[in-house]
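predicted structure and sequence below. I'll ask about it afterward.
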Amino acid sequence: MIPVRDDRRHRGFVGMWGWPLSLAALSLFGLLSALLGQGGVWWLLSWIALAVPLIVILRCILRASG
Amino acid sequence: MTRTQVRAWFLVHRWTSLVCTVFLLVVCVTGLPLIFGDEIDHWLDGDPPYANLPNDAPRASLDELVAIGRRLHPGEIATSLFIDDDEPQVVLSMAPSWEALRNDPASERWIKFDGRTARLLKQSLPQAERRRGFIDVMLTLHRELFVGLPGELFLGGMGLLFVAAIVSGTALYAPFMRKQAFGTVRRQRSTRLRWLDLHNLLGVVTLAWGLAIGATGVMNELSQPLFALWNRTEVQALLDPWRHQAPAAQGELSSVQAAFEAAGRVLPGMRVVSVVFPGADDGSPYHYLFWAKGGTPLTGRLFTPVLVDARSGKLTGAVRMPWYLRALEVSRPLHFGDYGGLPLKIIWALLDLATIAVLGSGLYLWLSRRKSPVEALIAEIERGGAEPAAAAPEAAE
């Protein structure tokens, strides 16, 4: 087992996983809110929660080409 | 993460992805129109409209509908009724006999009625003239690749590999992203690097949805064996007291309308939406098998079976559903995305397109370096895709 060389510029756990974990939690909320909630606002929250990952993708791609 | 670990995750990711990618592409592409299956079916079917009646118009007796079917097709048996709770339709299915249906499932026909006026709206074409509809072809490809149960189990296995590929891909995200900010897409350096960045970005952002859709897809592919297991164990045990009887023939059935009402009474707050006639493989030889569902988004997906003695018309009772069928029922909406209106369907389609991009970019990443030694590819991940420096420190390791 050869440890990958230490690098001072490594990002910490939050820096690495903050975005992915937040988006995963948001997706999970979106998946369940429309199913467990009784329509209305729960549908709206579900749409918003599940649309955020898509908006993030779009922003990253636009930023890269801009 | 040590290099040995990176290497292990890389090999798992490479091989699980390689085996499942082509099939997953088929599943994702056919899944796209299926998300809007109801809308497309409605748009294509061109059925005559329902009578314009108030919402609380009384419903025609199911006995009358079955009698119309028998008059239209003398000698055939009624196999099931679907009593829609969305639209005022009732669909009666008929077949030459249970034996014929077992040998050739396509021998079944359907007759669609307006459930209030008992007016016949549409009938299925004779078997020889039937053509598979677009959605039907997509669904069959999506679910079983046109090879029945083996296809379902095979695609279930591919779904498991897909889940393993997502997990291993997420593990590789860590060493790859050590020095990059979230969402970095480097466009200028090389095509490969751009696709590597996009593959990581799209993969990690759609992580939760991908895992959910993959796991619930696997669950759906197990539907046939799970229902067969339940039928062979709990349902058969329940039917033991009737074994001394001969199976109920169509000529000796009691009123299906009366049985329908009896079944509805035992489950207040639930709606009976279908009945399977005695003799079906997925029913009882002695009973009408009714399926009832609840009224909320979640309980509307949880079906409870109710048995009514088909000769006497006496209620036998509701049947408890085992946990694995409950899990299957909950996994359906989470896979189909049909529980949050049209906006949710559109989001489902966009996430599906993102998944297609992950699969496609993964395939490209493999094709463009498939001759490279594994060590070079692992080094690429550990460098975060950057070009090796002239005196790469990695070379010393």
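Here it is on my side, so go on.

which stretches of the chain aren't confidently modelled?
No chain in the question, so chain A it is. A:1-10 (pLDDT under 70).

I was after chain B.
Ranges of chain B meeting pLDDT under 70: B:388-397.

in it, which spans are helices?
With DSSP state H, the ranges of helices along chain B come out as B:3-35, B:37-45, B:62-72, B:98-103, B:134-144, B:148-176, B:191-205, B:207-221, B:223-230, B:236-239, B:256-266, B:323-336, B:341-368, B:374-382.

from the middle of its chain, how far away would the first one be?
The chain centroid and the centroid of helix B:3-35 are separated by 20 Å, computed with C-alpha atoms, centre = their mean, to the nearest Å.

now do the shortest one
Remark: helix B:236-239 is offset 28 Å from the chain centroid, using C-alpha atoms, centre = their mean.

same question for the fourth one.
Taking C-alpha atoms, centre = their mean, one finds the center of helix B:98-103 at 25 Å from the center of the full chain.

who's in contact with it?
Helix B:98-103 is contacted from outside by B:I77, B:T79, B:A95, B:S107, B:E108, B:G279, B:A280, B:D281, using C-beta atoms under 8 Å, 6 or more residues apart in numbering or on different chains. Where C-beta positions appear, they are placed from N, C-alpha and C, glycine not excepted.

just the buried ones among the residues you listed, please.
When the contacts of helix B:98-103 are checked for burial by 16 or more other C-beta atoms under 10 Å in any protein chain shown, the buried set is B:I77, B:T79, B:A95, B:S107, B:E108, B:G279, B:A280.

pick the one among those closest to chain A.
Checking these against chain A by C-beta to the nearest C-beta gives B:A280 as the nearest, at 30.1 Å.

so who does the residue nearest to the closest one when sequence neighbours are not counted touch?
Residue nearest to B:A280 in three dimensions, not counting chain neighbours: B:T79, with 6.3 Å by C-beta to C-beta, 6 or more residues apart in numbering or on different chains. Residues in contact with B:T79 (C-beta under 8 Å, 6+ apart) are B:S93, B:M94, B:A95, B:W98, B:L101, B:E108, B:V276, B:F277, B:A280.

isn't B:L328 right up against B:E221?
No. Assessed by C-beta atoms under 8 Å, B:L328 is found out of contact with B:E221, at 10.2 Å.

does stretch B:311-329 come close to chain A?
No. Contact of stretch B:311-329 with chain A (C-beta under 8 Å from any C-beta of the partner chain) is absent, the minimum separation being 11.6 Å.

who's in contact with that stretch?
B:219-220, B:222-223, B:226-227, B:229-230, B:234-235, B:238, B:245, B:248, B:252-255, B:258-259, B:262-263, B:265-267, B:286-287, B:292, B:301-309.

from these, which would you call buried?
B:219-220, B:222-223, B:226, B:230, B:235, B:238, B:248, B:253-254, B:259, B:262-263, B:266-267, B:286-287, B:292, B:301-309.

ok, back up a step: Serialize the helices of chain B to a markdown table and add fields for distance to B:L315.
Listed next are the helices of chain B as a markdown table, based on distance: least, C-beta to C-beta, whole Å:
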| stretch | distance to B:L315 |
| --- | --- |
| helix B:3-35 | 38 |
| helix B:37-45 | 33 |
| helix B:62-72 | 16 |
| helix B:98-103 | 24 |
| helix B:134-144 | 35 |
| helix B:148-176 | 34 |
| helix B:191-205 | 52 |
| helix B:207-221 | 32 |
| helix B:223-230 | 21 |
| helix B:236-239 | 14 |
| helix B:256-266 | 5 |
| helix B:323-336 | 22 |
| helix B:341-368 | 37 |
| helix B:374-382 | 63 |
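
nearest to A:S46, out of those helices?
Taking C-beta to C-beta, helix B:341-368 is the member of these nearest to A:S46, at 6.4 Å.

tell me the angle of the closest one relative to helix B:374-382?
140 degrees (axes from the mean of the first three to the mean of the last three C-alpha atoms, to 10 degrees).

which of the residues in helix B:341-368 are buried?
Applying a neighbour-count criterion of 16+ other C-beta under 10 Å, one finds B:343-352, B:354-365 buried in helix B:341-368.

that one vs helix B:37-45, what angle?
Using the same axes, to 10 degrees, helix B:341-368 lies at 100 degrees relative to helix B:37-45.

report the central residue of chain A.
By C-alpha atoms, centre = their mean, chain A has its centre lying nearest to A:L23, at 1.7 Å.

now swap in chain B and tell me
What sits nearest the mean C-alpha location of chain B, by C-alpha atoms, centre = their mean, is B:N220, with 5.1 Å.

tell me the residues of chain A that contact chain B?
Residues of chain A lying near chain B (C-beta under 8 Å from any C-beta): A:1-5, A:7, A:9-11, A:16, A:18-20, A:23-25, A:27-28, A:31, A:34-39, A:43, A:46-47, A:50-51, A:53-54, A:56-57, A:59-61, A:63-65.

what about the residues you listed, which are in strands?
Of these, none are assigned to strands by DSSP state E.

circling back to that earlier point, quick one: the residue nearest to the centre of chain A and A:L54 touch, right?
No. Using C-beta under 8 Å, A:L23 makes no contact with A:L54, being 10.2 Å away.

picking up where we left off before, and the residue nearest to the centre of chain B, what is it in contact with?
B:R143, B:L328, B:S331, B:R332, B:H335.

how close does the second one sit to B:S97?
For B:L328, the distance to B:S97 under the criterion C-beta to C-beta, to the nearest Å works out to 30 Å.

repeat that for the fourth one.
When C-beta to C-beta is applied, the distance between B:R332 and B:S97 equals 31 Å.

the first one too?
With distances taken as C-beta to C-beta, B:R143 is found 27 Å from B:S97.

more neighbours, the two?
The neighbour comparison of B:R143 against B:S97 (other C-beta atoms under 10 Å in any protein chain shown) goes to B:R143, with 19 against 15.

quick check: closest non-adjacent residue to the more buried one.
Closest residue in space to B:R143, ignoring its immediate chain neighbours: B:E152 at 6.1 Å, by C-beta to C-beta, 6+ apart.

same question, B:G75
Counting by C-beta to C-beta, 6+ apart, the residue nearest B:G75 is B:P96, at 7.4 Å.

and that neighbour, what does it touch?
B:G75, B:E76, B:I77, B:S107.

greatest separation within those residues: which pair is it?
Pairwise over the contacts of B:P96, using C-beta to C-beta, the maximum falls at B:G75 and B:S107, 12.8 Å.

ok, B:W348 to B:D136 distance?
To B:D136, B:W348 is 20 Å away according to C-beta to C-beta.
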